[in-house]
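Q: Sharing a model that was predicted from the sequence below.
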Amino acid sequence: EGQKYPPVAPGRWWKHAQLRLSSRRAYWLLDIAREHKIQVFRVPFPNPLSLHGKKYLTVVGETAAFRSVLTDPLTKKPAVVYSYFKGIFRGTPTIFTMNGPTWHSKRKAVAPAFSSNHIKRMTAVSLEMTEEWIQETLMKQTENESFDVAE
């Protein structure tokens, strides 16, 4: 209570950098949360441009806190992370590059496309189409015969 920032995950920055680049990278943050029983924490990374030499990745594993951040119309995306999308879209504002109330209204507009019922329905359609493709394309091939999946 009263802390300005979440606690820093135990370990030196180089250990986190090694884990981030290892084959365990998909589980790295989950391991930290489980082992240290924390759901919101910061992970240190070196930042030669910073006066303190450190930069932090903030991990939010609590649903309520995550939802609060995502739905807050004043939430600002870090430009360093999302500037990549600006280049892809040649500077045209998109939901990936917008901030503030404009971003919030666009996010609300697309939210129904990601409802659980819609996702379940689209999963069923995708599975049906994949199964049909397997039967029509792969099963027609004889054993040990090569083929181009793009055809």
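A: Nice, I can see it. Residues are numbered from 1 along each chain as shown.
Q: Pull the residues that contact the helix or strand E128 falls within.
A: Element membership of E128, judged by DSSP states H and E, is helix 116-133. Helix 116-133 is contacted from outside by P112, using C-beta atoms under 8 Å, 6 or more residues apart in numbering. Yep, even glycine has a C-beta here, placed from its N, CA and C like the rest.
Q: Can I get that helix in PDB, CA atoms only?
A: Coordinates of each C-alpha in helix 116-133 appear next as PDB, following Å, rounded to 0.1, in the frame of the first residue of the first chain:
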ATOM      1  CA  SER A 116     -16.500 -15.500 -26.300                       C
ATOM      2  CA  ASN A 117     -19.600 -16.500 -28.300                       C
ATOM      3  CA  HIS A 118     -18.200 -15.000 -31.500                       C
ATOM      4  CA  ILE A 119     -14.800 -16.700 -30.900                       C
ATOM      5  CA  LYS A 120     -16.400 -20.100 -30.200                       C
ATOM      6  CA  ARG A 121     -18.500 -19.800 -33.400                       C
ATOM      7  CA  MET A 122     -15.400 -18.800 -35.500                       C
ATOM      8  CA  THR A 123     -13.400 -21.600 -34.000                       C
ATOM      9  CA  ALA A 124     -16.100 -24.100 -35.100                       C
ATOM     10  CA  VAL A 125     -16.100 -22.700 -38.600                       C
ATOM     11  CA  SER A 126     -12.300 -22.800 -38.800                       C
ATOM     12  CA  LEU A 127     -12.100 -26.400 -37.500                       C
ATOM     13  CA  GLU A 128     -14.800 -27.400 -40.100                       C
ATOM     14  CA  MET A 129     -12.900 -25.700 -42.900                       C
ATOM     15  CA  THR A 130      -9.600 -27.200 -41.800                       C
ATOM     16  CA  GLU A 131     -11.100 -30.700 -41.600                       C
ATOM     17  CA  GLU A 132     -12.600 -30.200 -45.100                       C
ATOM     18  CA  TRP A 133      -9.200 -29.100 -46.500                       C
END
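Q: Give me the three-state assignment for T58.
A: At T58 the chain is in strand, as set by DSSP: H, G, I helix; E, B strand; the rest coil.
Q: Nearest residue to it in space, please, no chain neighbours.
A: R42 (5.2 Å; C-beta to C-beta, 6 or more residues apart in numbering).
Q: mind listing the helices in the chain by residue range?
A: 13-21, 28-36, 63-71, 79-88, 100-110, 116-133 (DSSP state H).
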